[in-house]
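*Asks:* The amino acid sequence is not available; the structure is as follows:
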């Protein structure tokens, strides 16, 4: 896999090179936090798309589609449509207001230092949990590429991202993320198109759309497991180990040995790893229906989480502070919709080709690796090697760009909103603020990296779904009501965000404790947004209406959010004080 390592190395060197170049651009606190609000719509759109297309997008959607079926593609629809909600309700008012961070906006809009600290804590939790799957994906990818231990990829990406963010901040990382977006588009689209041409479209149509379960191809396949693997045979089948054929009845489970060759004979039924449901092509290709992941209730909850969760993701929202004005923020959002729609055409191709051409991933339980493994397993030889190198380069670009955006958000929030409260020494010089940001960038990556090292066995999709559910249940109601409803109070915002976050977290932990049930209403424990978001909105509105304290200058606040920029009502400054901070 020397070619793949060279491709990953090239992306890494390019990232570090652009990050070092960005150091000369980071002269002020405003450069570090919001790129001095000078990013043009096309640059910003590419950078936003670059940081938004994370491990969940590059690897997770295709892997989840291969595992549970076409219903997984609702995720990509929700991820993209979330920017439509941003365009309609948030982008321009948020930019006009002129804050530097989400906690900055919360305190300025509702005049509550306590709310600022609560919002800062939530930013750290959401961004931290979203950073974990990026680092986990890097560990998995480097293992596929070079056979390196899982921890190596986690540590390498954490170090690269921390150094890049500390050097260039938002100003420098903008150009890095724009560069990485186009790497990702190239890396996911070119192999998909080449494989479709090479294989003549989608093969094994009975396994994709008919009544058939995945079978081994004309030559069968051989796998070597690193650890013992328990699998179930959905139909009667057999496997060969040590030259001996073992026959298994339908529905029976067996434990396959580690570090020996296990062979599935030609056209043999493929067993599935524990925790994976064997689906016929007809069930697999059904977008909605049944009682599993494609159940309408679960799909609706997923769409609520992704559609509204985008509006509450800290690393996404902070990007709109970098536009010159509200008009530029709207233009940026329209471009993002187009760029994301282009990218999300391709994960579906990998999921389908993986089911047809690499069914051994069902046996190993490594469907998350389908984007990385498909070219070399389905097309042995030079062609597959080159395409694997391309997808690996794109995967590393995904980990680096999203991790960079999340770390900018973590470092900005900690240095701008938390540090001054922990050390209230009065006015701080600009040079000290920049030092605080750089130290925060190096420090805040440590805990997510440690969690990622411990989360090797946790599904990427679960971690990302958790982050989206938390964002949709906390910051989304605060922003929508804070921007469009004049009667919102600090107490209402605090209680509503806390209620939404507690309900979402409690349901997700209950689902994990119960083994992630997939039937009936209990399926919502996997994705609780359809419950937690209404709870957050209702609590926020109810507490605000009952709260006798009102925001004293609410008319001026609403003018700053909605009046055209030409009236000069925005509330920002140059060196990071933020709106009314």
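*Replies:* Thanks, I have the structure now. All values derive from a computational prediction rather than experimental measurement. Residues are numbered from 1 along each chain as shown.

*Asks:* mind checking which helix or strand the closest residue in space to residue 77 that isn't next to it in sequence is in?
*Replies:* Distances taken as C-beta to C-beta, 6 or more residues apart in numbering place residue 303 nearest to residue 77, at 7.3 Å, with adjacent residues excluded. Just so you know, the C-beta spots here come from the backbone N, C-alpha and C atoms, and that holds for glycine as well. Assigned by DSSP states H and E, residue 303 belongs to helix 296-309.

*Asks:* before we move on, back to that, what's around the residue nearest to residue 77, how many residues?
*Replies:* Neighbourhood size, residue 303 [other C-beta atoms under 10 Å]: 19.

*Asks:* That one touches residue 71, doesn't it?
*Replies:* No. Using C-beta atoms under 8 Å, residue 303 makes no contact with residue 71, being 11.4 Å away.

*Asks:* which non-adjacent residue is nearest residue 499?
*Replies:* residue 539 (4.3 Å).

*Asks:* what's next to the host helix or strand of that neighbour, contact-wise?
*Replies:* Per DSSP H and E: residue 539 is located in helix 529-546. Helix 529-546 is contacted from outside by 297, 300-302, 304-305, 308-309, 468-469, 472-474, 476-478, 481, 485, 487-489, 491-493, 495-497, 499-501, 503-504, 507, 524, using C-beta atoms under 8 Å, 6 or more residues apart in numbering.

*Asks:* Apply the buried test to those and list what passes.
*Replies:* Among the contacts of helix 529-546, those that count as buried by neighbour count (16 or more other C-beta atoms under 10 Å) are 300-302, 304-305, 308-309, 468-469, 472-474, 476-478, 481, 488-489, 491-493, 495-497, 499-501, 503-504, 507, 524.

*Asks:* Sitting in helices, which of the residues you listed do you find?
*Replies:* Assigned to helices by DSSP state H, the following of the buried ones among the contacts of helix 529-546 qualify: 300-302, 304-305, 308-309, 468-469, 472-473, 476-478, 481, 491-493, 495-497, 499-501, 503-504, 507.

*Asks:* Apart from its chain neighbours, what residue comes closest to residue 407?
*Replies:* residue 165 (4.7 Å).

*Asks:* contacting residues for that neighbour?
*Replies:* 19, 173, 404, 407, 408, 411, 441.

*Asks:* Look up how far residue 103 lies from the fourth one.
*Replies:* Using C-beta to C-beta, to the nearest Å, one gets 17 Å for the distance from residue 407 to residue 103.

*Asks:* Then the last one?
*Replies:* Computed with C-beta to C-beta, the distance linking residue 441 and residue 103 is 17 Å.

*Asks:* In terms of helices and strands, where is residue 509?
*Replies:* Residue 509 belongs to helix 490-513, assigned by DSSP H and E.

*Asks:* if we take the contacts of residue 165, which one ends up nearest to residue 56?
*Replies:* Using C-beta to C-beta, residue 404 is the member of the contacts of residue 165 that lies nearest residue 56, at 15.9 Å.

*Asks:* check contacts around that closest one.
*Replies:* Contacts of residue 404 (C-beta under 8 Å, 6+ apart): 51, 161, 164, 165, 173, 176, 177.

*Asks:* for the strand or helix carrying residue 91, packing partners?
*Replies:* Taking DSSP H and E as the definition, residue 91 sits inside helix 91-97. Using 3 or more C-beta pairs under 8 Å, 6 or more residues apart in numbering; DSSP states H and E as the contact test, the elements touching helix 91-97 are helix 102-110, helix 326-343, helix 475-484, helix 554-562.

*Asks:* for the third one, the distance to its chain's centre please.
*Replies:* In other words, helix 475-484. A distance of 22 Å separates the centroid of the chain from that of helix 475-484, by C-alpha atoms, centre = their mean, to the nearest Å.

*Asks:* What of the last one?
*Replies:* In terms of C-alpha atoms, centre = their mean, the gap separating the centre of helix 554-562 from the centre of its chain is 33 Å.

*Asks:* For that helix, give the mean pLDDT please.
*Replies:* Mean per-residue pLDDT for helix 554-562: 87.

*Asks:* Packing partners of that helix?
*Replies:* Helix 554-562 sits against helix 91-97, with contacts defined as 3+ C-beta pairs under 8 Å, 6+ apart.

*Asks:* One more: the longest one?
*Replies:* Using 3+ C-beta pairs under 8 Å, 6+ apart as the contact definition, the elements that helix 326-343 packs against are helix 41-52, helix 74-85, helix 91-97, helix 150-198.

*Asks:* On the C-terminal side of the last one, identify the next helix or strand.
*Replies:* Meaning helix 150-198. helix 205-209.

*Asks:* Show me what counts as buried in that next one.
*Replies:* Quick answer for helix 205-209 (16+ other C-beta under 10 Å): 206, 207, 208, 209.

*Asks:* what does stretch 500-519 give?
*Replies:* Here stretch 500-519 shows 500, 501, 503, 504, 505, 507, 508, 511, 518 as buried, counting by 16+ other C-beta under 10 Å.

*Asks:* contacts for stretch 407-414?
*Replies:* 32-33, 100-103, 120, 123-124, 127-128, 131, 161-162, 165-166, 169-170, 173, 314-315, 318, 437-438, 440-441, 443-445.

*Asks:* If you average the pLDDT over it, what comes out?
*Replies:* Mean predicted confidence for stretch 407-414 is 82.

*Asks:* and this structure, what are its domains?
*Replies:* 2-201+283-564, 216-277 (automatic domain parsing).

*Asks:* which of those is buried the deepest?
*Replies:* Of all the domains of the chain, domain 2-201+283-564 has the most neighbours on average by mean count of other C-beta atoms under 10 Å, namely a mean of 21.

*Asks:* End to end on it, go ahead and measure it.
*Replies:* 55 Å (C-alpha to C-alpha, to the nearest Å).

*Asks:* Report the helix or strand with the lowest average pLDDT across this protein.
*Replies:* Least confident helix or strand, the chain: helix 29-34 with a mean of 55, by mean pLDDT, DSSP states H and E.

*Asks:* chain center to stretch 165-181: distance?
*Replies:* Averaging C-alpha positions (C-alpha atoms, centre = their mean) puts stretch 165-181 18 Å from its chain's average.

*Asks:* And the pLDDT for the closest residue to residue 482 other than its chain neighbours?
*Replies:* Leaving aside its chain neighbours, residue 482 sits nearest to residue 109 (5.0 Å; criterion: C-beta to C-beta, 6+ apart). With respect to pLDDT, residue 109 has a value of 91.
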